[in-house]
Structures are given as structure tokens and as C-alpha cells.
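K.L.:
everything below, folded, please.
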Amino acid sequence: MNRLLIIEDDTHINQMLTDLLTQAGYEVSSAYSGTEGLLLLQSQEFSLILLDLMLPGKSGHEVLEEIRQTSSVPVIVLTAVDTKESTIALLRTGANDYLAKPFNNEELLVRIEVQLRNHTPLAQESFLHYKDIALDLEQFSASVAGQSINLSKREFEILHTLMKNPKKVFSKSNLYETVWEDAFYGDDNTINVHISKLRNKLAQANPDEEYIQTVWGIGFRMN
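P.N.:
Alright, predicted model coming up:
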């Protein structure tokens, strides 16, 4: 099922959109500020975003710029400002489409269908992002807060695995069998050494953030 994110501070419009999209068969999450929307994008994957421009916290323009630094997820902007200049600016910033408020619900649903049909599936995205970590899956490179870090193949794959499902707790056997593609026979040391090295490299780039959390007795997940 396609998961859509609504970033709209007007509670009435947000609820109306949630009801409309849920009835149309979509899974829906809502944010009421630009900052809240970006936080959701750090921890979840979405098939499409509906983005208001006039938002508290970070504006819709700022949110769009940050999204386009790491993702090509379709973004349809919902705006009360409908001028040629504003439309050109939105498209140049990275919007896929826009609708002026008030909009027709049926037209919105059709525009969503078109974007989902034309977009590359999430599994083929070349970038993965969590907090200020960015992974380039084509170049096998990683950066933290814009600073490049040098990861081994195993370290990269461990981080990739954790970031794909940031809320999931991975046991050591899960990680070993996923990354090494081999059966796990209870040798904790291999996983522990790689996790330790990975944590150290992330900390060197940003010592104020703890990215990988140990869930005692179970395993690891993104913090």
C-alpha cells in the first residue's frame, strides 16, 4: 500500500485530506509543521508528499529544499498563491506538481495517481537519509552532517540495513545473516567489532549525536 505524508498546518484541511486519502485506499500520516514533517521523513518512507507552503517552523519552500537534497519522492504542493512566478519557483525548487487552494478533490486524487504511476519505486531510490546521515547507494558512499566518512563494505551494509528500517530492532543474528549472507553461529565478536568501528566513525563526524542504539538483550537499531 502506498503511504502518503500530509504536511499541512490547517487542522480542518489536514483532516479532510486524511479522510479523502484513507477512503481512496492510501495509508496516511499527518504533520502540522515543516519541522514535524521533516522528522517523520527521517524515520519513515513515503510514496508521495502533499506539502502546504505556509507552515509554522520551517516553511514549505525550506522543507522542499531539504527533501530534494536526499530524495526524489514526488511532492505535490498545495498553495493559496497561484501566480506564474510562484509556480516556476516551485517547479525549479523540485516540486513535481501543484494545486491552488481551494482545489477539487477528484482532481487531487488523479494528480496523485499520475505521480505514483510515473515515479521510480522507493526500492530503487539511490539515496537513503536518516537525521543528518546520507547514504549514496550507487556510489557506496556516506556522509554525516555534510562530512564524508570512509566506511568499509560491511560497515556500510550494516548502516544501510539499520537505516532502511530505523524503528526495527535487529538482533546480531539478523544483522550477520543480512550483511554477511551466511548463517550465524553465535559469534558476537564480529558484529560487536563492526558496530564499534561504525559508531566511532559516526561520532568523529558528529560527536553530539548518538546514531545507533543498543537494545540490551535484543540487538541494535537507529536511535
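K.L.:
you'd agree A89 is in a strand?
P.N.:
No. A89 is assigned helix when assessed by DSSP: H, G, I helix; E, B strand; the rest coil, not a strand.
K.L.:
what score does the nearest residue to it once chain neighbours are set aside have for pLDDT?
P.N.:
Closest residue to A89 apart from its sequence neighbours, by Cβ to Cβ, 6 or more residues apart in numbering: H61 at 8.0 Å. (Glycine included, C-beta is placed from N, CA and C.) pLDDT recorded at H61 is 89.
K.L.:
wait, H61 sits on L53?
P.N.:
Yes. With contact defined as Cβ atoms under 8 Å, H61 reaches L53; the gap is 6.6 Å.
K.L.:
more neighbours: these two, which one.
P.N.:
A direct count of neighbours by other Cβ atoms under 10 Å for H61 and L53 places L53 higher, at 23 against 19.
K.L.:
what's the neighbour count on the residue nearest to A145 when sequence neighbours are not counted?
P.N.:
Nearest non-adjacent residue to A145, counting by Cβ to Cβ, 6+ apart: D132, 4.5 Å away. By other Cβ under 10 Å, 16 other residues sit near D132.
K.L.:
what about the strands in this protein?
P.N.:
3-7, 27-31, 48-52, 75-79, 97-100, 127-130, 133-136, 141-144, 147-149, 170-171, 212-215, 219-222 (DSSP state E).
K.L.:
from the chain's centre, how far out does stretch 130-147 sit?
P.N.:
With Cα atoms, centre = their mean, to the nearest Å as the basis, stretch 130-147 stands 13 Å off its chain's centre.
K.L.:
what sits up against it?
P.N.:
Residues from elsewhere that reach stretch 130-147 (Cβ atoms under 8 Å, 6 or more residues apart in numbering): 42-43, 69-70, 125-129, 148-149, 151, 153, 156, 159-160, 163, 166, 202, 205-206, 209, 211, 222.
K.L.:
if I look at the residue positioned nearest the centre of the chain, how far off is Y130?
P.N.:
The chain has L41 as the residue nearest its centroid, 3.7 Å off, counting by Cα atoms, centre = their mean. L41 sits 10 Å away from Y130, going by Cβ to Cβ, to the nearest Å.
K.L.:
got the contact list for the lowest-mean-pLDDT helix or strand in the chain?
P.N.:
Lowest mean confidence among the helices and strands of the chain (mean pLDDT, DSSP states H and E): helix 84-93, at a mean of 76. Helix 84-93 is contacted from outside by H61, L64, E65, R68, V77, T79, Y98, using Cβ under 8 Å, 6+ apart.
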